[in-house]
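Participant: give me a 3D structure for the following:
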Amino acid sequence: MDAPGLVYLCCSYICPCFQSRSKDTEDAVLVKESNSVKSSPSTELSSVSGKIPASPLRVPPSPGRFSMSPKLDRIGSVHLTMRQVARATQNFSPSLKLGEGGFGTVYKAQLQDGQTVAIKRASRENSDALRSEFRSEIELLAKIEHRNLVKLLGYVDKGIERLIITEYVPNGTLREHLDGVHGSCLDFSQRLEISIDIAHGLTYLHSYAEKQIIHRDVKSSNILLTDRMRAKVADFGFARVGDNESGKTHVLTKVKGTVGYLDPEYMRTFKLTPKSDVYSFGVLLVEILTGRRPVESRRSPEEKVTIRWAFGKFNNGEAMHLVDPQMKEAVDKKIFKKMLNLSFECAAPTRADRPDMKSVGERLWAIRMKYLQLGRGE
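Facilitator: As a prediction, the model looks like this:
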């Protein structure tokens, strides 16, 4: 389907529901820390004009000066050649593949010192075309550090090979957990904590980094989970540096993101602000609560677009019909409705009607405190 058609389709489905990212060597630089980027397909639309420990409310400031020409070797202590990369990935064995997306394929890799990392390898046939995306991700990841954001460890840019090396996050993607791929289902407490973690990561990008960063591809398959079920936002290939001055927008010639999560105002006007991430987060929050993907093509027309279906149910007093049936526990009605209401505010079709991510994080924190007072709904 061409871009105008996709824009029309997404807007027509969603809008009626509401009112109102060195030197030329083979070396990659890694720091001595470990813990992956799991890639998943994104869409580029060419435009024609125990329980989980508590999450801190405070988001730490940016750790260092932001430069658009980062020198990654200032943080490095381990150097890899392409031969070493091939050995670490067993020559990019399919058995070590973690995921695949528009940029390329992500592999689990074990270094000689025993450190496990994730290596994202750009598609060789699209190497030149993906250079901008590669540079964008490197430049941005090199300058951010937050526990809810995947950490850059190194990179390789040699000939037709472009590799991004990040910490390995062992527990797969949020979408996999919502699908039950890893066995047990996420309970409500875990979903709430994951939502708060994502909000903290985005708040850091929007408000605490020295240069504002807009992710542009917030979705469940770009949220990685640690072995303690902490969430980390991954895949910064579409990210853009924003403007810390309130009200500023970027006019872009291409709309990038994933259908179902794309801000309808961004698609219509090609103007990008942090509120585009807020919209995507709203859609993601509904996904977390219901377990449904943003677009469920096999369902009936009235249930095909999850945000529209959920909004209708909520307005008809059927909010509890939206609870993911995989959650066997009793979910407190007031808590669930507060989260749904917040998700709809975030996914308002007009950016002026959406809260900023800092406010979203604060409200989720308040919901969490109320939830704990209720004894986790028991």
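Participant: in this protein, which spans are helices?
Facilitator: In the chain, the helices defined using DSSP state H lie at 3-14, 82-88, 131-141, 174-178, 188-203, 264-269, 275-290, 301-304, 306-315, 333-346, 357-373.
Participant: which ones are touching the closest residue in space to residue 220 that isn't next to it in sequence?
Facilitator: Leaving aside its chain neighbours, residue 220 sits nearest to residue 175 (3.8 Å; criterion: CB to CB, 6 or more residues apart in numbering). Where you see a C-beta, it was placed from the backbone N, CA and C, and this is true even at glycine. When contacts are counted by CB atoms under 8 Å, 6 or more residues apart in numbering, residue 175 touches 40, 219-221, 223, 293.
Participant: got it, and residue 84?
Facilitator: Shown in contact with residue 84 (CB under 8 Å, 6+ apart): 111-112.
Participant: now it: how far from residue 271?
Facilitator: 44 Å (CB to CB, to the nearest Å).
Participant: with residue 144 instead?
Facilitator: Separation of residue 144 from residue 271 (CB to CB): 24 Å.
Participant: more neighbours: which of the two?
Facilitator: residue 144 (24 against 16; other CB atoms under 10 Å).
Participant: the more buried one and residue 204 touch, don't they?
Facilitator: Yes. If you go by CB atoms under 8 Å, residue 144 and residue 204 touch, sitting 7.3 Å apart.
Participant: quick one: end-to-end distance for stretch 203-214.
Facilitator: 10 Å (CA to CA, to the nearest Å).
Participant: and the contacts of stretch 367-378?
Facilitator: By CB under 8 Å, 6+ apart, stretch 367-378 touches 51, 55, 188-189, 192-193, 196, 329-332, 334-335, 338-339, 342.
Participant: farthest-separated two in those residues?
Facilitator: The distance between the two most remote of these (CB to CB) is 23.4 Å, for 55 and 330.
Participant: show me the shaky parts of the stretch 201-350 of the chain.
Facilitator: Residue ranges of the stretch 201-350 of the chain with pLDDT under 70: 244-253.
Participant: what residues does residue 328 make contact with?
Facilitator: Contacts for residue 328 (CB under 8 Å, 6+ apart) come out as residue 185.
Participant: if I look at it, how far off is residue 142?
Facilitator: Here the criterion is CB to CB. By it, residue 328 lies 43 Å from residue 142.
Participant: residue 101 too?
Facilitator: Look at residue 101 and residue 142: by CB to CB, they are 20 Å apart.
Participant: next: residue 254.
Facilitator: Distance from residue 254 to residue 142, by CB to CB: 24 Å.
Participant: out of the two, which sits in the busier spot?
Facilitator: Counted by other CB under 10 Å, residue 254 and residue 142 do not tie: residue 142 has more neighbours, with 23 against 11.
Participant: tell me how far that one lies from residue 108.
Facilitator: Per CB to CB, residue 142 is found 22 Å from residue 108.
Participant: again with residue 93
Facilitator: Relative to residue 108, and taking CB to CB, residue 93 is found at 9 Å.
Participant: now do residue 227
Facilitator: Using CB to CB, residue 227 is found at 14 Å from residue 108.
Participant: look at the two and report which has more neighbours.
Facilitator: Each of residue 227 and residue 108 has its neighbours counted (other CB under 10 Å); residue 108 has more, 20 against 9.
Participant: tell me how many other residues crowd the residue nearest to that one when sequence neighbours are not counted.
Facilitator: Ranked by CB to CB, 6+ apart and with sequence neighbours excluded, the top spatial neighbour of residue 108 is residue 96, at 4.7 Å. Neighbour count of residue 96, defined by other CB under 10 Å: 18.
Participant: do residue 201 as well
Facilitator: By other CB under 10 Å, 26 other residues sit near residue 201.
Participant: number of nearby residues for residue 131?
Facilitator: Counted with other CB under 10 Å, residues neighbouring residue 131 total 13.
Participant: would you agree it is in contact with residue 161?
Facilitator: No. Residue 131 is beyond contact range of residue 161, at 11.8 Å (criterion: CB under 8 Å).
Participant: in the stretch 1-150 of the chain, where is pLDDT below threshold?
Facilitator: With pLDDT under 70 as the threshold, the stretch 1-150 of the chain has low-confidence stretches at 1-79, 102, 124-130.
Participant: domains of the protein?
Facilitator: As recorded under automatic domain parsing, the domains making up the chain are 28-167, 174-373.
Participant: which of those is buried the deepest?
Facilitator: With neighbours defined as mean count of other CB atoms under 10 Å, the domains of the chain peak in mean count at domain 174-373, which reaches a mean of 20.
Participant: how long is that one end to end?
Facilitator: Domain 174-373 has an end-to-end distance of 26 Å (CA to CA).
Participant: centre of the chain to that domain, how far?
Facilitator: Offset of domain 174-373 from its chain centre (CA atoms, centre = their mean, to the nearest Å): 9 Å.
Participant: what's the distance between residue 256 and residue 222?
Facilitator: In terms of CB to CB, residue 256 sits 13 Å off from residue 222.
Participant: now residue 132
Facilitator: Applying CB to CB to residue 132 and residue 222 gives a distance of 19 Å.
Participant: got it, and residue 113?
Facilitator: Going from residue 113 to residue 222 by CB to CB gives 29 Å.
Participant: having no further points to raise, I will conclude here.
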